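> the amino acid sequence is not available; the structure is as follows:
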């Protein structure tokens, strides 16, 4: 959610996209309610430190390469970084839908209209 808000959508939200009048409308409607980009990014983020976690659970942490040990010790940061990069790559490959407000902002930006915050 943080990556989507700050990086993918650049802090641009439209209230009608968050709370659409008709079900199934708006920029935040996903496949059966699931954001597959976010799910895939989360799985990729967890996959990097997973070998270190499993090795520690089984008592075989001494056979891991140093890189995987480091990923296990810094797992929260590693998982967040990998998930962020994976989500941004997924958004670049298959952009999320632009709803009313985001579509208007993009159209204004493409036409060269300068918008000011009030």
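Noted; the coordinates are in hand. Keep in mind that what you see is a predicted model, and the values were worked out from it rather than measured. Residues are numbered from 1 along each chain as shown.
> flag the shaky bits of this structure, pLDDT-wise.
Where the chain drops to pLDDT under 70, the residues are 17-18, 24-29, 98-109, 113-118.
> got the end-to-end distance for stretch 4-15?
Stretch 4-15 has its terminal residues 16 Å apart, counting by Cα to Cα, to the nearest Å.
> what's the offset of it from the middle of its chain?
The chain centre lies 11 Å from the centre of stretch 4-15; the measure is Cα atoms, centre = their mean, to the nearest Å.
> buried residues, that stretch. List them.
4, 8-9, 14 (16 or more other Cβ atoms under 10 Å). From N, CA and C alone the C-beta is placed, and that goes for glycine too.
> among the residues you listed, which lie within strands?
Using DSSP state E, the subset of these located in strands is empty.
> residue 45: which of these is nearest?
Ranked by distance to residue 45 (Cβ to Cβ), those are led by residue 4 at 14.2 Å.
> need the contact list for that closest one.
Contacts for residue 4 (Cβ atoms under 8 Å, 6 or more residues apart in numbering) come out as 38, 87, 91, 96.
> does the first one touch residue 87 like I think?
Okay, so that is residue 38. Yes: counting by Cβ atoms under 8 Å, residue 38 does reach residue 87; the two are 6.3 Å apart.
> among the two, which residue is more densely surrounded?
Set residue 38 next to residue 87 and count neighbours by other Cβ atoms under 10 Å: residue 87 wins out with 24 against 19.
> residues near the residue lying closest to the more buried one once chain neighbours are set aside, how many?
Using Cβ to Cβ, 6 or more residues apart in numbering and skipping the chain neighbours, the partner closest in space to residue 87 is residue 41 (3.8 Å). Using other Cβ under 10 Å, the number of residues around residue 41 comes to 24.
> wait, isn't residue 41 in contact with residue 81?
No: in this structure residue 41 lies outside contact range of residue 81 using Cβ under 8 Å: 11.0 Å.
> residues contacting the spatially most central residue of the chain?
In the chain, the residue lying closest to the centroid (Cα atoms, centre = their mean) is residue 87, at 4.0 Å. The contact partners of residue 87, taken as Cβ under 8 Å, 6+ apart, are 3-4, 8, 37-38, 41.
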